[in-house]
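> how does the following fold in three dimensions:
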Amino acid sequence: MKHKPVQLWKYYKIEGNKVIRRLRYCKKCGNTFMATRKTDKEISYYCGKCKTTIFEFQKAL
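Below is the predicted model of the structure:
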């Protein structure tokens, strides 16, 4: 299977003269994107390089 080209327009957003990152970066590694998994009660971010997991709990409506 061939490698798919990276779609950079999914990772960054331009507002005026500023470039904003859409994806979250790992705080330990520095320049690795973190994978996101969402459920009803929480959002978890996982770094595949250093194996760090961050949980954020959502408030019930």
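
> what's the average pLDDT for stretch 9-16?
Stretch 9-16 carries an average pLDDT of 86.

> got the CA coordinates for that stretch in CSV?
Output in CSV follows, covering the C-alpha atoms of stretch 9-16 (Å, rounded to 0.1, in the frame of the first residue of the first chain):
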residue,chain,number,x,y,z
TRP,A,9,-5.0,22.0,5.8
LYS,A,10,-6.5,19.8,8.4
TYR,A,11,-3.8,20.6,11.0
TYR,A,12,-3.7,24.4,10.8
LYS,A,13,-6.2,27.3,10.5
ILE,A,14,-5.4,30.9,9.4
GLU,A,15,-7.2,33.8,11.0
GLY,A,16,-6.1,37.2,9.8
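
> now do the buried residues in it.
Going by neighbour count (16 or more other Cβ atoms under 10 Å), nothing in stretch 9-16 comes out as buried. For the C-beta atoms, the positions are set from N, CA and C on the backbone; glycine is no exception.

> contacts for that stretch?
Val19, Ile20, Arg21, Arg22, Leu23, Phe33 (Cβ atoms under 8 Å, 6 or more residues apart in numbering).

> select from those the one having the most neighbours.
Across the contacts of stretch 9-16, neighbour numbers were computed from other Cβ atoms under 10 Å; Phe33 holds the maximum, 17 neighbours.

> picking up where we left off before, now for the contacts of stretch 9-16: which two are most distant?
Val19 and Phe33 (15.4 Å; Cβ to Cβ).

> by mean pLDDT, flag the weakest helix or strand of this structure.
strand 35-38 (a mean of 79; mean pLDDT, DSSP states H and E).

> packing partners of the next helix or strand after that one?
Per DSSP states H and E, the first helix or strand lying C-terminal to strand 35-38 is strand 42-46. Applying 3 or more Cβ pairs under 8 Å, 6 or more residues apart in numbering; DSSP states H and E, we find strand 42-46 packed against strand 35-38, strand 53-57.
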